[in-house]
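**Student:** Can you look at this prediction? I've put the sequence above it.
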Amino acid sequence: MKTQKKSPHRRNPARYRRLLLLVGLMALGCTAQANAPGWEVSVLVIGRGDGDGLVTSQTSPVSISCLVRDGSSHSGGNCDDEFMDAGMGGTFDLLAAPAPGHLFGGWSGACSGTELRCTVTLPDPRPPRITVYASFLRVPESIAVSVADPALNTGESTAATLTVTPSVADTTTFTWTSSDPGVVAVTPQTSGGAATVTAVGPGTATILASARTQTSAPVTLTVTDAPPVPGILQGVLYDVDGVTPLDSVYLSMRMVNAPAGSPTYRTWTGPQGEETVPAGGFAFEVNPAPWAVFTVGVVGKRYLTTPGDTAVVTAGQTTHLDLNVRRGYHLDMRDTDLGTLTAGPGEAIDLVVDFTTWCRDGGAACATSLALGVDDVPLAVYRFDPPGAYATGGRTETGVTIPVTAPASGGTLYAFLVTTSTSEASGGVQKGLDQYATMWAQGLEGTTMIPLGTLTVQ
């Protein structure tokens, strides 16, 4: 007869019920511990930067003593710990200690700030692991600044570079400083610590760089105003026929309009032998700021001007202007050398001169006369008669005697070709004297006004 084996709960039902209750209570206990203080947490400290230091825990039961070298956690230290947070209140402290010659750069991850001590607050619900990053930085022994060009013109730029000993991480932030941003401005480059130095205004200033408590020696830069960029006015000078190029003439140029604050001045070509304009054309180099309007006139075959054309000259550019002689004057007194004359104040003296002259206005005659003076004092006017006798072929006179009265003081004797009628009916001699004074006031002695000799008054 078979015997049927009883199941355990049938053999002892009460014991089985007690076992199920115990298992259930154990399950409830595990669930409660997962949400209550005392849950196990893993802490990991990771080093960053390029320096050395030590991170230690300041609160039990956390046990961290993490050695960081060259910005990396060192295997010889304890950088990872697992602990039960029961009774901690959910916080613990870490302390950073940089090595000598190094700096603490700050916390990140589960901790933040730049203070050496940091309080880590465990989040709720508790994560299985938290990570704290500690940055240590190497302090350079020296920082040296060098510039490519310490002497700049306003508006120019130069490169500034750093030599850091020992070298530090490329991500290091360098602070650049100018002693006078109104003289030089420093713009750091995006990486590498270099910078661009820009000259802002004239003067002297120093620049320096600093990083991680280290500062470079200052470097001195000198800025001067940039020389003006010249503009070029060039062209060809044609005779009254508009076809034949002229050479052996002088040209004058006068600035008549420019931006506010620009100087107004007259400039003349200086004598260059007997020729100033070659057959191939002329070229003036001028310094407008930044542009100017110039009138260009023809200085006759020797020293006299006529009104000319107008051109706008811009800095750094070339302007072309062809000129046609509409009116020409010519006075040649190279054969006259009066030497040194002596007279008393108010004494009458005779000046004996030789000259060659012509005047043309599109081929027609024009009225001219010869004015004489001593420095800024006009003395006399010699009227050519008849005025048209030299209009086409020119006129040469030798041994012409012109009486003058010695002024109160001596100086250089000058001759000037007066370009208006000096007939008695038109106000005559006074016009010539006034025109002489005008030419002197414009600073034309020695060019348009021809030196003949010296008069000593005693």
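**Tutor:** Here it is on my side, so go on. This structure is a prediction, so every number in the text was calculated from the model and none was measured.

**Student:** which residues of this structure fall in helices?
**Tutor:** With DSSP state H as the criterion, the chain has helices at 8-11, 13-34, 428-441.

**Student:** These: lowest mean pLDDT?
**Tutor:** The minimum mean pLDDT among those belongs to helix 13-34 (a mean of 38).

**Student:** how about the strands of the stretch 151-300 of the chain, start to end?
**Tutor:** 151-153, 157-165, 175-178, 184-188, 195-199, 203-211, 214-215, 219-224, 231-235, 237-238, 250-257, 266-268, 282-286, 291-299 (DSSP state E, counting those that start in this stretch).

**Student:** List the residues that contact A217.
**Tutor:** Neighbouring residues of A217 by Cβ atoms under 8 Å, 6 or more residues apart in numbering: A144, V145, L208. To be clear about C-beta, it is placed using only N, CA and C from the backbone, and glycine gets the same treatment.

**Student:** and if we set it to 10 Å?
**Tutor:** S142, I143, A144, V145, T206, L208, A209 (Cβ atoms under 10 Å, 6 or more residues apart in numbering).

**Student:** For ChimeraX, what selects the buried ones among those residues?
**Tutor:** Selection of buried members from those for ChimeraX, criterion 16 or more other Cβ atoms under 10 Å:
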select :143,145,206,208,209
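
**Student:** want to throw the contacts of A217 into JSON lines with pLDDT and distance to E115?
**Tutor:** Listed next are the contacts of A217 as JSON lines, based on pLDDT from 0 to 100; distance: Cβ to Cβ, whole Å:
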{"residue": "S142", "pLDDT": "87", "distance to E115": "28"}
{"residue": "I143", "pLDDT": "89", "distance to E115": "26"}
{"residue": "A144", "pLDDT": "91", "distance to E115": "32"}
{"residue": "V145", "pLDDT": "93", "distance to E115": "32"}
{"residue": "T206", "pLDDT": "96", "distance to E115": "34"}
{"residue": "L208", "pLDDT": "93", "distance to E115": "29"}
{"residue": "A209", "pLDDT": "92", "distance to E115": "27"}
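
**Student:** List just the nearest of the contacts of A217 to P188.
**Tutor:** Checking these against P188 by Cβ to Cβ gives A209 as the nearest, at 8.8 Å.

**Student:** Please name the bridge partners of the closest one.
**Tutor:** A209 forms beta bridges with W176, as assigned by DSSP bridges.

**Student:** And A371, how close does it get to A380?
**Tutor:** 7 Å (Cβ to Cβ, to the nearest Å).

**Student:** With neighbour numbers in mind, choose between those two.
**Tutor:** Legend: neighbour count by other Cβ atoms under 10 Å for A371 and A380, higher for A371 (27 against 17).

**Student:** what's the pLDDT at that one?
**Tutor:** 84.

**Student:** can you pull the contacts of it?
**Tutor:** 378-382, 402, 414-418, 422, 429, 431-437, 439, 449.

**Student:** now swap in L372 and tell me
**Tutor:** 351, 353, 378-382, 402, 404, 413-416, 432-433, 436, 452.

**Student:** Below-threshold pLDDT in the stretch 301-450 of the chain: ranges please.
**Tutor:** 301-309, 324-332, 334, 358-368, 384-395, 419-428, 442-448 (pLDDT under 70).

**Student:** now V404, which residues is it bridged with?
**Tutor:** Taking DSSP bridges as the rule, V404 bridges to I349.

**Student:** For G346, see how far away it is.
**Tutor:** To G346, V404 is 11 Å away according to Cβ to Cβ.

**Student:** do V418 as well
**Tutor:** 24 Å.

**Student:** More neighbours: which of these two?
**Tutor:** V418 (26 against 10).

**Student:** Next, count neighbours for the residue nearest to that one when sequence neighbours are not counted.
**Tutor:** Take V418 and drop its neighbours on the chain: the residue closest to it by Cβ to Cβ, 6 or more residues apart in numbering is G432, 4.1 Å away. G432: 28 surrounding residues under other Cβ under 10 Å.

**Student:** now swap in V184 and tell me
**Tutor:** Counted with other Cβ under 10 Å, V184 comes out at 28.

**Student:** contacting residues for the residue nearest to L162 when sequence neighbours are not counted?
**Tutor:** Leaving aside its sequence neighbours, L162 sits nearest to G193 (Cβ to Cβ, 6+ apart; 4.4 Å). Going by Cβ under 10 Å, 6+ apart, G193 touches 143, 145, 160-164, 168, 170, 172-174, 176, 209, 211.

**Student:** filter those residues to the buried ones?
**Tutor:** The buried subset of the contacts of G193 - by 16+ other Cβ under 10 Å - is I143, V145, A160, L162, V164, V168, T172, F174, W176, A209, A211.

**Student:** any low-confidence regions in the stretch 101-250 of the chain?
**Tutor:** Ranges of the stretch 101-250 of the chain meeting pLDDT under 70: 169-172, 191-192, 239-242, 247-250.

**Student:** Show me what the nearest residue to E156 once chain neighbours are set aside is bridged to.
**Tutor:** Spatial nearest neighbour of E156, chain neighbours left out: A199 (5.1 Å); criterion: Cβ to Cβ, 6+ apart. With DSSP bridges as the criterion, A199 is bridged to V184.

**Student:** wait, A199 sits on T222?
**Tutor:** Yes - the criterion here is Cβ atoms under 10 Å, and A199 meets it with T222 at 9.2 Å.

**Student:** Between those two, point out the one with more neighbours.
**Tutor:** A199 (25 against 14).

**Student:** if I pick the more buried one, what's in contact with it?
**Tutor:** 149, 151-158, 183-185, 205, 221-226.

**Student:** Buried ones from those residues, can you make that a PyMOL selection?
**Tutor:** Filtering these down to the buried ones (16+ other Cβ under 10 Å) takes a single PyMOL command:
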select buried, resi 152+158+183+184+185+205+221+223
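
**Student:** Verify the stated contact: S108 with A134.
**Tutor:** Yes - if you go by Cβ under 10 Å, S108 and A134 touch, sitting 8.4 Å apart.
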